[in-house]
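Chemist: Quick one, what's the 3D model for this:
(chains A and B)
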Amino acid sequence: MEQQNDLIAAIATPEAISALSIVRLSGKGASATVEKLMNLKEGRLTGRKRAVGDLSGIDYLVAISWPRGKSYTGEEMVDLICHGFPGTARKILEELERSGARLAVAGEFTRRAWMNGRLTSLDVLTLSAEYREGKNTETNSDLAAELAELTSEIEALIEFSEDHGVSGEQEIGSLLKRALAKTGTLTDRVKSAEILPCAFLMGPVNSGKSTLFNKLNGRETVVVSGLPGTTRDGATRTISLSGRRVEISDTAGCGGQELDSIALELTFGALSSGDRIVWMDPDCEPPSLGTEDKGSYEILKVCSLVDKRETDVKTGWLPLSSITEQGVEEVIQFITATEKGSPSWRLERMANLLRDAILAAENKDVALAAEIVAEVLRETQKPERAGDAVERALERFCVGK
Amino acid sequence: MSKEYQVVVIGGGHAGVEAAAASANVGCRTVLITPDRQKISLMSCNPAIGGIAKGTLVREIDGLGGVSAESADRTALQFRMLNMKKGPAVWGPRVQSDVAEYCRVQTESLSRVGVEIAEGLVVKLLGPSSRIEGVLLSSGTVIKGEAFVIATGTFLNGMLHRGTAAWPGGRRGDISAISLEKDIRERMFHVKRFKTGTSPRVVRSSIDSSVLEKQIFHEIGFRFSWGSKEAVQNIEPCWLTRTTARTERIVKDSLKHSPLYSGRIKGKGPRYCPSFEDKVTKFPERTGHPIHLEPMGRNSRIMYLNGLSTSMPEDIQDRIVRSLPGFEKAVISAYGYSVEYSCFETGEFDRTLRLRGSENLYVAGQILGTSGYEEAAATGLLAGANAAGRLCGKRETTPKRMDSYLGVMVDDLVSRGTDEPYRLFSSRSENRLNLRQDNADRRVFSLAGSLGTLSKKKTEDYAGRQNEYNSIRKQIYTKRAQGKSIIDLCRRPENTVEDIGGSLGLDYTDINTREILTTVVLDIKYEGYVKRAEKRHEARKRYGEVSLSFIEDFQLVDTITIEAREALNIRRPKTMAEAEAIPAVRQADMDALMLYLMKESVSRET
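Modeler: As a prediction, this is how the structure comes out:
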């Protein structure tokens, strides 16, 4: 396992003239490092402490320390609050680097918080969405808090309403609906932060891949011609489709030559789990792969250029024409489908569960609704690895977050 | 003078009766000692059996071969199913009982199974605690035995309080077991003080019931015991009234007279069965608290005021009661009071309900820290059966948390402890959709088998029901109705048990068929949830086996609370499960401990 708690440092505030700047330091030895630089007694910054003093003659500043398990990252952490001249923070950072700290990469603090169970994968994604939009809104934790509240309402209703002669079934229904609405908002946010797995447009030469690629891109970015083999170098682009961010790759066509089929195999071999392939062939020939194919990608078989076709399309193949737009919507649906196991997939699952809970409550089964809500609540608290979606989102953070 | 038995049960309340009956059913010569044989199984508080989770527990008692369920059916004045609108998993069957009849029928049950009844007051246990040899009665009689069950309820050094008055007693008009408590303390068992209370009773003819709301309940046909032939009939109504602003003001103005609020009672009271003083103090914004007027028996002259538990002085109780609509001229026949009593500390008994450090001394009922007739009866059954089973060379048995409310209760009492009288709630179970009243017999059948409490006849009856269950289940999976398969209909939330019965053409009016059909349909509806709950439980158990042995000093685990660190250093648990059992260790501490272990094991590997 990768050693995660080495000492990292970064400037956490924008590098501009301001009243104050913050330099953040996280990892094993954070406190000791600062104690030494500030000439403090050993242990002065152990635990949740604050110290004011001079740091290596650079600035007179405030150091705030957190013990392991109590900080943002979940590690031993120190924030140095210095005067807000860009040069000051930079000099402090250099000083820390000389004392053995490594400069943090983008999103590394948040990654550690996530690895240490301080943030759930959903928290990371909502944070990422907020960060991009520059505003603070509801998070996964808000939903969890609301569900916890809902749970106690339901339990009180089950155990005590008969004693106290009160009824509250309708109230439970409306609380459930509110939670559902919140899940919806959250799903939208997470979806906007998630980057979907890559979609590869593949198939023989001249099967209309670039035309579709341009169609999806909404503008002519790739040179398209009727001559076979116009696209020799694939083009990749991250675009927004149906409100989702998706990476689309237009690949070079394979014309049946030996080199092409090797390229095809290499491409298939390099696919990562969840990647989508739109296999386009006007003749409805599936990709011929020499070796046994063990990939966990998803494939959509498309019978392209269908406007020029006279015979029926083979079953299992989607008829597509970029000219008449037949089948384009289905392709978009395929490449923007929620990735199984991803945070938005989990949120959609939670929404479905909440719908079940509403139905149960409407059918006089509050106990069942309670069981389902408990399941949703567990889902919000799951610290499980969310995989690539979180990795991709973390890259979007600034250094120092 | 001395007599010899195999099992000696001390106390003739709800716990004692089930303990004695279970011991006799297992096959031991059993005696039950009570100060007053007229008061066996007397309901000291409200005249009702059952409730949410509690009613389900009563059915578990029946499935385990106990006697209370059948007696409750036979002496019921009215039946009510609580929580009808909240799902069949939390339906709470409850009956209003004829108190005097219940005592008589329970006493009869005891003699039917061959329990002897001895009148007397136990003042002392004889022999070393590790192996008790007998008990000494105040009359000087010695009763010898091989195993003992203490089920003294609120009588163990009981003190009654009303206003400024306080006097020793286990219940109004009864003695307090002061010497026995002293003996238990001298034997170095740890005890704590709990308190509970009861409401005033009023003379029926002094109430103007024309202004009260008559309580009539939807007849759905129910019985506690699978042995009862018929559903319970409703033969006596109850009445409902609500407190007025004047009632609440009288209580608020008189709080200084309440022994609860003037600090005379030191024991901890139940949060969930609160006195009226508590209700007014804790929910000052709430008004119009419901008060149920319940008959103490068939055509009884006395009515119980459920919801008005109080230990105010008598004159104030008169004023409180007369402030209720319809009660302007009410005459109180017995005033409410509080009782403070001793019970065993958590950690003194194990899951078989045997006291630690003793081979043959068991405890049951309120002295475990519980409250309620149903909780007492169920623990009584377990203690009595284990006491007798040990003598017959059987292995002691413990109920499982995932299988029954009895299991939930015993596990909670032993591993988590309680600092107030413990009442069962459906939400205490992690497997609520399975712990239903309809399938209680099946859930406890294997436990009944290992305890040896189920008679041959009851075992055969159960097997018959199981056959019918299988046959109905098969029909659901194979038959079709209106062009749809019945199993699909069954899984749809809007279809009720009655709908499914209709599509199968079953006789829904027959109580046996209806009960079994209900179980089949609900089992199918909740199958997925129940399986997942069991899987989660297994996962928790595995995590419970994680060793903590390499943590030398819990002070180093700085992510958990200081109290938890101290408690862990004192108790030195070997596994996560043992750590979880320590009351100062909360769930958040458990999670942090697990994370700590994971990190430590990683750093030791690298």
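Chemist: For the residue lying closest to residue B:137 once chain neighbours are set aside, grab phi and psi.
Modeler: Setting aside the residues directly before and after it, residue B:137 is nearest to residue B:120 in space (CB to CB, 6 or more residues apart in numbering or on different chains), at 3.7 Å. The way it works is simple: take the backbone N, C-alpha and C, and place the C-beta from them, glycine included. Listed backbone geometry of residue B:120 is phi 160, psi 170, with angles given as degrees, to the nearest 10.
Chemist: If you tally nearby residues, what's the number for residue B:120?
Modeler: Each residue near residue B:120 was counted by other CB atoms under 10 Å in any protein chain shown, and the total is 17.
Chemist: Which residue, neighbours along the chain excluded, lies closest to residue A:90?
Modeler: In space, not counting the residues next to it along the chain, residue A:90 is nearest to residue A:11; the distance is 7.1 Å by CB to CB, 6+ apart.
Chemist: same check, this time on residue A:47
Modeler: Of all residues not flanking residue A:47 in the chain, residue A:67 sits nearest, at 4.7 Å (CB to CB, 6+ apart).
Chemist: Just confirm that neighbour contacts residue A:46, I think it does.
Modeler: Yes - judged on CB atoms under 8 Å, residue A:67 makes contact with residue A:46 at a distance of 7.0 Å.
Chemist: can you give me the strands in the stretch 1-150 of chain A?
Modeler: A:8-11, A:20-26, A:49-55, A:59-66, A:77-83, A:102-103 (DSSP state E, counting those that start in this stretch).
Chemist: Restricting to C-alpha, output the fourth one in PDB.
Modeler: Which is strand A:59-66. Output for strand A:59-66, consisting of C-alpha atoms alone and laid out as PDB, is shown next (Å, rounded to 0.1, in the frame of the first residue of the first chain):
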ATOM      1  CA  ASP A  59       6.900  36.400   9.300                       C
ATOM      2  CA  TYR A  60       5.200  36.800  12.700                       C
ATOM      3  CA  LEU A  61       2.300  34.400  12.400                       C
ATOM      4  CA  VAL A  62      -0.300  32.100  14.000                       C
ATOM      5  CA  ALA A  63       0.100  28.400  13.900                       C
ATOM      6  CA  ILE A  64      -3.000  26.200  14.500                       C
ATOM      7  CA  SER A  65      -2.500  22.500  15.000                       C
ATOM      8  CA  TRP A  66      -4.900  19.500  14.900                       C
END
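Chemist: Any residue of it touching chain B?
Modeler: No - among the residues of strand A:59-66, none lie within reach of chain B under CB under 8 Å from any CB of the partner chain; the closest is 11.1 Å away.
Chemist: Mark out where each domain of the chain begins and ends.
Modeler: In the absence of a named chain, chain A is used. The record, using automatic domain parsing to delimit domains, assigns chain A the ranges A:8-104, A:195-335.
Chemist: that answer is for a different chain, and I need it for chain B
Modeler: If you go by automatic domain parsing, the domain ranges for chain B are B:201-337, B:457-520, B:545-605.
Chemist: Switch these over to JSON lines; also include distance to chain A and mean neighbour count.
Modeler: Shown next, in JSON lines, are the domains of chain B (distance: least, CB to the nearest CB, whole Å; neighbours: other CB atoms under 10 Å in any protein chain shown):
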{"stretch": "domain B:201-337", "distance to chain A": "4", "mean neighbour count": "18"}
{"stretch": "domain B:457-520", "distance to chain A": "5", "mean neighbour count": "16"}
{"stretch": "domain B:545-605", "distance to chain A": "3", "mean neighbour count": "16"}
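Chemist: List just the one of those domains that sits closest to residue A:61.
Modeler: Distances from residue A:61 to each of these were compared using CB to CB; the minimum, 26.0 Å, belongs to domain B:545-605.
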